[in-house]
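**Q** What follows is a predicted protein model with its sequence.
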Amino acid sequence: MRKFLLIALLLPFIACKQATKANVNSEQTDEEQVEVSKKQYPETITKVLDAHGGLVSWKQQRTLSYVLPKDKNPETHTIDLWSRNEKIETPDYTIGFDGKPWVLDNDSNYKGNPEFYHNLMFYFYAMPFVLADDGIVYNETEDLVFDGISYPGVKISYDAGVGITPKDEYFIHFDSETHQMAWLGYTVTYRSGEKSDNVKWIRYDDWKKVNDLVLPNSISWHTVEDGKIQGMRNQVVFENVTLSTVGVPTSFYDKPEMGEYWVKP
């Protein structure tokens, strides 16, 4: 049985980085597409992005949707890839982000933190493309060795003021031959505000093509003992995935009249 408790456990621990676009109602111009292709990334990152369909193709997409098939409360996630506005609909409640996090929950079923959750699973799902967002710093890192196989990697950090927790760090490791992403390591700094050396690891080894982009069918968190990656702990599956170059009306993401903006405790 797949376990989805991980999602709830992650809520207080990780914040996702936000990308913004000045005018989310306009279509991307040819000049913007050229700018994407000319932007300088490390060669390794460029090869990884190309192995997954290319950054230009990703930037052409506007709307992403998928379902997390929880047994009791499945979630339908819809994301505007340009503004990063999002709506997460479940049978019990709806949460979203329209520039501020909001909750629609008449029966008080939602106990989480929408500020962190509204882009949480999107950020993991949209790897490696979100690691090409603005404000990112790339550095070298040691290879990751698992089951005798060595995976080269790149360390990802953020400029000051980027996202809610700019001191978070990510480590992307990839297959040395195909350059497809294989592992994601990440640290969490939200509660302390200080850098951490406690790296959590997600395995990416289950892919499918969506609009010529190679995206995860599922991702798996692994346990870590004495700094070494062990067996799989939890798996999250993404179903009914759709990508479209067409945006839905911006009002789709707006807080409903009966909803409430979330206020940080």
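**A** Cool, got the structure. Residues are numbered from 1 along each chain as shown.
**Q** SS state for Leu131?
**A** Secondary structure assignment for Leu131 (DSSP: H, G, I helix; E, B strand; the rest coil): helix.
**Q** oh sorry, the question was meant for Asp50
**A** Three-state call for Asp50 (three-state DSSP): helix.
**Q** Which residues are in contact with it?
**A** His179 (C-beta atoms under 8 Å, 6 or more residues apart in numbering). Bear in mind the C-beta positions are built from the backbone N, C-alpha and C, glycine included.
**Q** Relative to Thr44, how far out is it?
**A** 11 Å (C-beta to C-beta, to the nearest Å).
**Q** now Tyr110
**A** Per C-beta to C-beta, Tyr110 is found 40 Å from Thr44.
**Q** what's the answer for Val210, then?
**A** From Val210 over to Thr44 the distance is 24 Å, taken as C-beta to C-beta.
**Q** same check, this time on Thr90
**A** The gap separating Thr90 from Thr44 is 38 Å, by C-beta to C-beta.
**Q** and Phe177, that's in a strand?
**A** In this structure residue 177 is Glu, not Phe. No: under three-state DSSP, Glu177 falls outside any strand and is assigned coil.
**Q** Which residue of Tyr110 and Thr44 possesses the greater neighbour count?
**A** Shown here are Tyr110 and Thr44; by other C-beta atoms under 10 Å, Tyr110 has more neighbours (19 against 16).
**Q** Name all residues that make contact with the more buried one.
**A** Contact analysis of Tyr110 by C-beta under 8 Å, 6+ apart lists 92-93, 95, 103.
**Q** please redo it, this time with the cut-off set to 7 Å
**A** By C-beta atoms under 7 Å, 6 or more residues apart in numbering, the residues touching Tyr110 are 93, 95, 103.
**Q** Which among those residues count as buried?
**A** Buried subset of the contacts of Tyr110 (neighbour count, 16 or more other C-beta atoms under 10 Å): 93, 95, 103.
**Q** Out of those residues, which sit inside strands?
**A** Using DSSP state E, the members of those that fall in strands are 95, 103.
**Q** which of the contacts of Tyr110 lies closest to Asp80?
**A** For the contacts of Tyr110, the residue nearest Asp80 by C-beta to C-beta is Ile95; the value is 15.1 Å.
**Q** what's the closest of the buried ones among the contacts of Tyr110 to Gln60?
**A** Checking the buried ones among the contacts of Tyr110 against Gln60 with C-beta to C-beta, the nearest one is Ile95 at 27.7 Å.
**Q** so how far is Trp183 from the closest one?
**A** Distance of Ile95 to Trp183, given as C-beta to C-beta: 29 Å.
**Q** residue closest to the middle of this protein?
**A** By C-alpha atoms, centre = their mean, the chain has its centre lying nearest to Tyr123, at 0.6 Å.
**Q** any idea how far Gln40 is from it?
**A** Using C-beta to C-beta, Tyr123 is found at 23 Å from Gln40.
**Q** could you pull out the strands for the stretch 151-265 of the chain?
**A** Applying DSSP state E, counting those that start in this stretch to the stretch 151-265 of the chain gives strands spanning 153-158, 170-174, 181-186, 200-203, 207-210, 213-216, 218-225, 228-237, 239-244, 260-261.
**Q** By mean pLDDT, point me to the weakest helix or strand of the chain.
**A** For the chain, counting by mean pLDDT, DSSP states H and E, helix 5-10 ranks last in confidence among helices and strands (a mean of 40).
**Q** now the stretch 51-200 of the chain, which segments are flagged as low pLDDT?
**A** Residue ranges of the stretch 51-200 of the chain with pLDDT under 70: 159-167, 188-196.
**Q** show me where the stretch 1-150 of the chain has strands.
**A** Along the stretch 1-150 of the chain, the segments classed as strands by DSSP E, counting those that start in this stretch run 63-68, 75-80, 86-89, 94-97, 101-104, 136-140, 144-146, 149-151.
**Q** Those strands: which one's closest to Ser157?
**A** The nearest among these, by C-beta to C-beta, is strand 136-140 at 4.7 Å.
**Q** For the closest one, which helices and strands make contact with it?
**A** Contacts defined by 3 or more C-beta pairs under 7 Å, 6 or more residues apart in numbering; DSSP states H and E place strand 136-140 against strand 153-158.
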